[in-house]
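Chemist: model the structure of this input:
(2 chains)
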Amino acid sequence: MSPQASMNVLVNDAASREYLVFSLGDEEYAVDILKVQEIRGYENVTRIANVPDFIKGVTNLRGVIVPIIDLRLKFNLDKVEYDGQTVVIVVNVDDRIVGVVVDGVSDVMSLAPDQIKPAPEFGVTLSSDYLSGIGSLEDRMLVLVDIEKLLTHEEMQLVERTAESV
Amino acid sequence: MDISDFYDTFFEEAEELLADMERLLLDLDVDDPDVEELNAIFRAAHSIKGGAGTFGFTVLQETTHLLENLLDHTRRGELTLRRDIVDTFLETKDMLHDQMDAYRNGTEPDAEAFERISRVLQQMALDELGQGEALEPVMEEPPPPVQNPMNSNDGKGAATRRLSVILTGVNDKDRDLLVEELKHFGTIVTQSGDAARCQVLLDSTESQDDIEAVLCFIIEPEQLSIQAEADSPVDAVAKTTVDGPVQESSVSPNGSPSEPAATNAETLASNASAVPNVEPNGKSSGKKGGKNAKGSESSTIRVPVDKVDQIINLVGELIITQSMLEQTASDLDIVSHGPLVNGMNLLQRNARDLQEAVMSIRMMPMDYVFSRFPRLVRDLADKLGKEVELITEGKSTELDKSLIERIIDPLTHLVRNSLDHGLESPEKREASGKSPTGYLTLSAQHQGGNILIEVIDDGAGLNRDRILAKARSNGLAVTDSMSDDDVWQLIFAPGFSTAEQVSDVSGRGVGMDVVKRNIQAMGGHVEILSKPNQGTTTRIVLPLTLAILDGMSIRCGGETFLLPLNAVLESLQPQPDDVYSMAGDDQLLKVRDEYLPIIALHHALDVTNAKTELTEAIAVIVQGEGRRYALLVDDLVGQQQVVVKNLETNYRKVPGISAATILGDGSVALILDIADLHRLDRRKSQQRHEMKRHETQRQHLQEVSSV
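Modeler: Sure, this is the predicted structure:
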C-alpha cells in the first residue's frame, strides 16, 4: 500500500481514516494504516536475553535490524502459537521500525469520525492511554490502538529512556 | 532548482578554502614569502568573494573583497609582509568564518565586528597606498585578449590621457576622499554631479585598472566606472563583468552565456579591483602558474555521506547474499558443477574487493584533524607566553570519517592541556636545562586493526603528589603506594584539575572525564605515560572503523554469537584440575599461573540447552576494559568479518551486547560486549545470591515456626 493511494482515499472522504484490522485471539483490533510499513511472516527471530518475554528478539528486514514484539504476550492472551499463519505487522513509529506479532490480519476498514467512540476507562493490561477509541461497525467492535503511544510507552521497554532525559 | 540549493556546496567549499588559506598563512615565511603561496592565498579569497557575491552574502563579500585587495598587493610585492599583517589576515579569516556560520544559520553576521575589521583592513590599505603607487607600473599581467576594447586603450605608463571617472551612489565624505586619492594619479580637470552620480574628469598617465584598484579600497567596483573619454563601450563591459558570476557559478563554467564574462574575468582577475567572480579553477591556476590545483580539481568528487552509507549497506547485503549462495553451492558436486563453483569463487573475491573499496571511501587522512592544530597552538602559545613548536607525524594515516569527526574535540582538549599545564614557560624550561622552545608532537599510526594517536609534550610531566592531594580533597580513595599508571588515571575522574590557577584555556576540571568518555564511546581507550621533567604522552587507541568488525563466531545452545576478535586472547578446553571454586559460587580457571574468573555465557544470557558441564565447554580467554576472564561457550565456529549493525537504531541498548550483524543465512547474530558482559554477570550472580539468601531465610523462618 503506497502512501499515495491512501492519500487519495483521504482526499475522497476527508473525514474518514483507514485502519488495518488485525486479530488477537477472538478480539479485533485496528491500527492507523499510515503507520504500517508492511506485513510479513514470522521467521528467523534472534532471541535477546534479559528482556521482557513479549520482546521476542530481533530480525533482519532487508539489512535493517528490527525488534519483534508479541502483542499476544503483552496482552496476556491464553494461546500463543508460532506457525506459518503467524503474521508480523511492521510499523513505523517515532522514526523506528518495529515488528508486531499478531494472530492474523483481516482487512482494511475506512472509519468515519461518527463511527469512532471514545475509549472507556478500563483494563489493567490494556490501559486506555494506548487507545484512540472504539470503532463500531454494524455488529463488530474494533479496538483502535494508538500504536505510537503503545510502542513508545515506557513499560514496553522498546525505547531507551536515559537517566538524563527523565 | 532554487539558487539556495547551492548554498551548502558554497559553504563546504568556502570552509575548505578558508582552511587552505589559514594553512598557507601559517606556513608563510614572512621575510621571504613564496609567490606561489601568496597566489594560492589570493585565489582562495577570490573564490570565496565570488561565491559570496553570487549568493548575496554581502557582508562576507565585502570583507573578502578588502582582504583580497590587500592580498593582491602582497603577492605583487607592493605590500611587505610583517608578522602583524599576517595576524590581521588570520583574524580576518576567523571573521570570515564567523560570517559564514552566521549565513549558514540564516542570520546576518555581526555588523559591529564587520565594521571593525573593515576599518582595520582599510587603514592597512591606506597606510600602504603611498608606496604602492610608485611601484604600480611594474605589473605582471596576463596578456590582454585582443577582443577586449578596454585594453586596446590601456597603454600602461603611456602618454597622458583624459579619463572620465563616474561614481554612483557615493556619499559626500567618501567622494571627497576619492577625489583626494584621484589627485595622486594626475590632474583633475572638472568635478560635477551629486551623491547619486558624480563625474570627475582626470588627466592621468596611470592605467584605468590601477586607478580602479586604489579606489576600490573605499567603494565597491559596481559604484565605479572609469572610461577613457569618447570611449563608450567600456561601461557595458564593466556591467557584464559584474553580472557574469551569477550565471557562471550557479550554472556551469561551460554554459555559453557566461563566456564573455569569463573572458573578462581573466583579464581583470589580477587587478586589485578584481570582479566578484568564481573563476573556473582550472583556468585560473593554469594562467597563474599553479598546476596542482588543476589536478586535484578533476580528481575528487563531492558526495553526501548518506549516499556512501547507502552503498555500504547495499554491499553488505550483497556479501550476505553471496555467502548464502556459497552455502548452497558448497553442497554441489564440484565435478558436474565446475563452472558454477568457479563462478562462486570469483564472486566471493569480487564481493570482498568491492566491500574493501567501498569502505575505503569512508576513510579520511588524519591530516583532516591535525591541520587545525597549527593555528590553535600558535594562538595559545602567544596567549600563554610560551614558545611551542608543533610537530605532526603520520598525517596520512587513515581513519573512518565518523570517528575522525568525533576525535577532534577530545584531541583539541588534550592539546590545550599540554600547552597550558604540560609545557612550561621559556624561563622555567631554561632553568631546568631544557631548550626554551617546547615541543608538542601529534602522531598517528596504524597498529593492527587499531589506530594509535599520541599527544606528546616535553613539558614538566604530571605531578604525582599534587594529583594524590587533589584526589584526597575530592574524596577519592587513594593511597601513596598506588602505581603511577593508577595515579595518572585519576585525572580522568570528573571535576579533577590540578592547575594552580584556572585560566580561560583550561583548568576548570571539566574535560578529561569527557575526553575519556568520548573515546570510550568510540570503542577506544586512553592512557597516560608521564615522567617528571621529561613530559607527558597521552595515548589514544581507536578501532579503524565502526562499520566492520573482525569477529569470532561461537555457538552456545543452538544460538550463534560473535566475539570481537581483538578481545579474544586464546581459547582452551578447561581441565578439571585447573578449575577452582571461590566463595561458594564463583569459579576460577588457572591459565599459566593466572587465575581468571569464569563466566558462563549461557548463565549471563539465559541460553537454554547449553553445555553446562565445565569440562565439555570451551573457555575463551577474553579481555575488555582491562578486565580479563574466561568465557564459557559450547563451540567455536570460526573467524569472519561482519558488518556491524546498530541495535539502537530501532531498538535500544541491550546489556552484554554491543551490536548485531547479519549472518550468511540471513539471520541476525548478536555481537557480545566483553566488558558489559562481565558487569551483567556480576549483577546476575548478585541477584541469584540475594534470592538464595531470601530462600534460606524463609526456610529458616518456616522451620522456626513449625517448631
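Chemist: which non-adjacent residue is nearest the residue sitting nearest the centre point of chain A?
Modeler: Centroid-nearest residue in chain A, with CA atoms, centre = their mean: residue A:147, separated by 5.0 Å. Residue nearest to residue A:147 in three dimensions, not counting chain neighbours: residue A:31, with 4.7 Å by CB to CB, 6 or more residues apart in numbering or on different chains. All C-beta spots, glycine's among them, are computed from the backbone N, C-alpha and C.
Chemist: what is the burial count for the one you found?
Modeler: Burial measure for residue A:31: 25 neighbouring residues, criterion other CB atoms under 10 Å in any protein chain shown.
Chemist: what sits against it?
Modeler: Contact criterion CB atoms under 8 Å, 6 or more residues apart in numbering or on different chains gives A:19, A:20, A:22, A:89, A:91, A:144, A:145, A:147 as the residues in contact with residue A:31.
Chemist: surely the second one is in a strand?
Modeler: Yep, that's residue A:20 we're talking about. Yes: assessed by DSSP: H, G, I helix; E, B strand; the rest coil, residue A:20 belongs to a strand.
Chemist: for beta bridges, what are the partners of it?
Modeler: Note on residue A:20: beta-bridge partners residue A:31, residue A:108, judged by DSSP bridges.
Chemist: who's in contact with it?
Modeler: Applying CB under 8 Å, 6+ apart, the residues contacting residue A:20 are A:30, A:31, A:32, A:33, A:36, A:89, A:105, A:108.
Chemist: and which of these is nearest chain B?
Modeler: Nearest to chain B among the contacts of residue A:20: residue A:89, at 14.6 Å, using CB to the nearest CB.
Chemist: shouldn't the closest one be in contact with residue A:103?
Modeler: No: between residue A:89 and residue A:103 there is no contact under CB atoms under 8 Å: 11.1 Å.
Chemist: so what sits against both of those two?
Modeler: In contact with both residue A:89 and residue A:103: residue A:22, using CB under 8 Å, 6+ apart.
Chemist: pull the number of nearby residues for residue 119.
Modeler: Going with chain A. Neighbours of residue A:119 under the rule other CB under 10 Å: 20.
Chemist: sorry, should have said chain B
Modeler: 11.
Chemist: check contacts around the residue nearest to the centre of chain A.
Modeler: A:31, A:32, A:35, A:91, A:93, A:100.
Chemist: rerun that using 7 Å as the cut-off
Modeler: Going by CB atoms under 7 Å, 6 or more residues apart in numbering or on different chains, residue A:147 touches A:31, A:35, A:91, A:93.
Chemist: which of those sit farthest apart?
Modeler: Using CB to CB, the pair of these lying farthest apart is A:31 and A:93, separated by 9.8 Å.
Chemist: please, which helix or strand holds residue B:654?
Modeler: Residue B:654 belongs to no helix or strand when assigned by DSSP states H and E.
Chemist: state the phi and psi torsions of the residue in the stretch 151-300 of chain B that chain A sits nearest to.
Modeler: With CB to the nearest CB as the measure, residue B:300 is the residue of the stretch 151-300 of chain B nearest to chain A, at 28.8 Å. The phi/psi pair for residue B:300 (degrees, to the nearest 10) reads phi -120, psi 160.
Chemist: list of residues touching stretch B:594-603?
Modeler: With CB under 7 Å, 6+ apart as the contact definition, stretch B:594-603 has outside contacts at B:556-557, B:580, B:586-589, B:607, B:610, B:621, B:628-633, B:677-678, B:681, B:684.
Chemist: ramachandran coordinates for residue A:69?
Modeler: Residue A:69 adopts backbone torsions of phi -120, psi 150, taken as degrees, to the nearest 10.
Chemist: neighbours of it, how many?
Modeler: 24.
Chemist: same check on residue B:607?
Modeler: Residue B:607: 20 neighbours (other CB under 10 Å).
Chemist: residue B:596 now?
Modeler: For residue B:596, the count of nearby residues is 20 (other CB under 10 Å).
Chemist: quick revisit: just the contacts of stretch B:594-603: which are in strands?
Modeler: Here DSSP state E is the test, and the contacts of stretch B:594-603 give B:556, B:580, B:586-589, B:621, B:628-633 as lying in strands.
Chemist: chain A next: which of these are close?
Modeler: Applying CB under 7 Å from any CB of the partner chain to the ones in strands among the contacts of stretch B:594-603, one finds that nothing falls near chain A.
Chemist: return the residues of chain A in contact with chain B.
Modeler: When proximity is defined as CB under 7 Å from any CB, chain A approaches chain B at A:44, A:46-51, A:58-60, A:63-67, A:96-98, A:158-160.
Chemist: chain B against chain A: which residues are in contact?
Modeler: When proximity is defined as CB under 7 Å from any CB, chain B approaches chain A at B:313, B:316-317, B:559, B:605-606, B:645, B:647, B:649-655, B:660, B:662, B:666-670.
Chemist: narrow the residues you listed to those that are buried.
Modeler: B:313, B:316-317, B:559, B:605, B:645, B:647, B:650-652, B:654-655, B:660, B:662, B:666, B:668-670 (16 or more other CB atoms under 10 Å in any protein chain shown).
Chemist: does residue 121 count as helix, strand or coil?
Modeler: No chain specified, so I'll use chain A. Three-state call for residue A:121 (three-state DSSP): coil.
Chemist: look up the closest residue to it, ignoring the ones flanking it.
Modeler: Spatial nearest neighbour of residue A:121, excluding adjacent residues (CB to CB, 6+ apart): residue A:128 at 5.6 Å.
Chemist: and the pLDDT at the one you found?
Modeler: In the prediction, the pLDDT value recorded for residue A:128 is 71.
Chemist: isn't it up against residue A:118?
Modeler: No: with contact defined as CB atoms under 7 Å, residue A:128 does not count as touching residue A:118 (8.9 Å).
Chemist: between those two, who's got more neighbours?
Modeler: It is residue A:128, of residue A:128 and residue A:118, that has more neighbours when counted by other CB under 10 Å, with 14 against 10.
Chemist: state the distance from that one to chain B.
Modeler: From residue A:128 across to chain B, the span is 26 Å (CB to the nearest CB, to the nearest Å).
Chemist: do you know how far that residue is from residue A:70?
Modeler: Computed as CB to CB, to the nearest Å, the residue A:128 to residue A:70 distance reads 21 Å.
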